[in-house]
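Student: predicted model, plus sequence, below.
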Amino acid sequence: MSLILDDFLITGRIFEEYVAFFDLDVTAMKNMRVLDCPSGASSFIAEAKARGIKAQGCDILYCYDRDALRVQGEMSIEKIYADTSWMADNNFEFYHSIENHRQYRTSALELFCSDYNTADYWFAELPKLPFRNDSFDLVLSSHLLFVYDDRLDEAFHEASIIEMLRVGQEVRIFPLVDYKNSRMNEKENLSSLVYKIAKKFGGEIVKVDFEFQSGAEYMLRIKQKHLD
């Protein structure tokens, strides 16, 4: 296997973070099929199912078993919070404190590991997904596209979005800034790639009620009907 688990920092988010990231209507979602892509060690799937939402997740890391993911997740959390100086410029309105921020990561990992199974968690490597056309009403994608646009090129972004639109009626992507905030313009602090992708796919840039990383208060919403 060419994928080395030690090369990845495994982190996850809780359901309430997803609601804020993607401006979700939880009541409406109870009638939806939802895909989290990539899902990482998030507890969104477990918590969504507990709320009666039909949710599944996919990730390149799901070729590993529960124990391996738990160990790497715990190591990742320790590494991330060993030095929290990188958080100095972040907005803690949602989290209130670094301690709460860490607790969310820890809770997400625990719930994820408790729920991890082969029926709801699928191995997948974008830009290819193991699902039939229109398998989902909503696809959520956080902290991958645009965040790592220094190593994931424009072609990867386009191919991944096309694939997500193949399997889902609507795609929402968050955040729209890179992890260093290094490629900004003056309008809404977003990179030119965001606007190019939004225009190509008929997407809408939507301000959400969440900001932790500076400028990360927008999501991109794209509906399948705009895809040629």
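Tutor: In hand now; what should we look at?

Student: check contacts around the nearest residue to F156 once chain neighbours are set aside.
Tutor: With sequence-adjacent residues excluded and distances taken as CB to CB, 6 or more residues apart in numbering, F156 is closest to P127, at 6.4 Å. Using the backbone N, CA and C atoms, a C-beta is placed for each residue, glycine as well. Contacts for P127 (CB atoms under 8 Å, 6 or more residues apart in numbering) come out as F156, A159, S160, I162, E163.

Student: what about the first one, which helix or strand?
Tutor: Secondary-structure assignment from DSSP states H and E places F156 in helix 154-167.

Student: tell me the buried residues in the helix or strand where E99 lies?
Tutor: In this assignment (DSSP H and E), E99 forms part of helix 98-115. In terms of neighbour count (16 or more other CB atoms under 10 Å), helix 98-115 has its buried residues at H101, R102, Y104, R105, A108, L109, E110, L111, F112, C113, D115.

Student: returning to that earlier point: next, format the contacts of P127 as TSV and append distance to K225, pLDDT and neighbour count.
Tutor: Shown next, in TSV, are the contacts of P127 (distance: CB to CB, whole Å; pLDDT from 0 to 100; neighbours: other CB atoms under 10 Å):
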residue	distance to K225	pLDDT	neighbour count
F156	24	97	16
A159	20	98	14
S160	19	98	21
I162	14	98	14
E163	17	98	19
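
Student: which one of those residues is nearest F21?
Tutor: F21 lies nearest to S160 out of the contacts of P127, by CB to CB, at 17.6 Å.

Student: show me the shaky parts of this protein.
Tutor: Within the chain, the segments meeting pLDDT under 70 span 1-2, 181-189, 226-228.

Student: for the spatially most central residue of it, which non-adjacent residue is spatially closest?
Tutor: Nearest to the geometric centre of the chain sits S142, at 2.0 Å (CA atoms, centre = their mean). The shortest distance from S142 to any non-neighbouring residue, by CB to CB, 6+ apart, is to F174 (4.9 Å).

Student: gap between the one you found and K79?
Tutor: 24 Å (CB to CB, to the nearest Å).

Student: quick one, helices of the chain?
Tutor: For the chain, applying DSSP state H gives helices covering 15-22, 26-29, 44-50, 66-81, 98-115, 154-167, 192-200.

Student: tabulate the ones you listed (JSON lines), appending distance to F92.
Tutor: As requested, the helices of the chain are exported to JSON lines (distance: least, CB to CB, whole Å):
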{"stretch": "helix 15-22", "distance to F92": "13"}
{"stretch": "helix 26-29", "distance to F92": "24"}
{"stretch": "helix 44-50", "distance to F92": "21"}
{"stretch": "helix 66-81", "distance to F92": "14"}
{"stretch": "helix 98-115", "distance to F92": "7"}
{"stretch": "helix 154-167", "distance to F92": "30"}
{"stretch": "helix 192-200", "distance to F92": "25"}
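
Student: out of those helices, which gets nearest to A88?
Tutor: Checking the helices of the chain against A88 by CB to CB gives helix 98-115 as the closest, at 10.1 Å.
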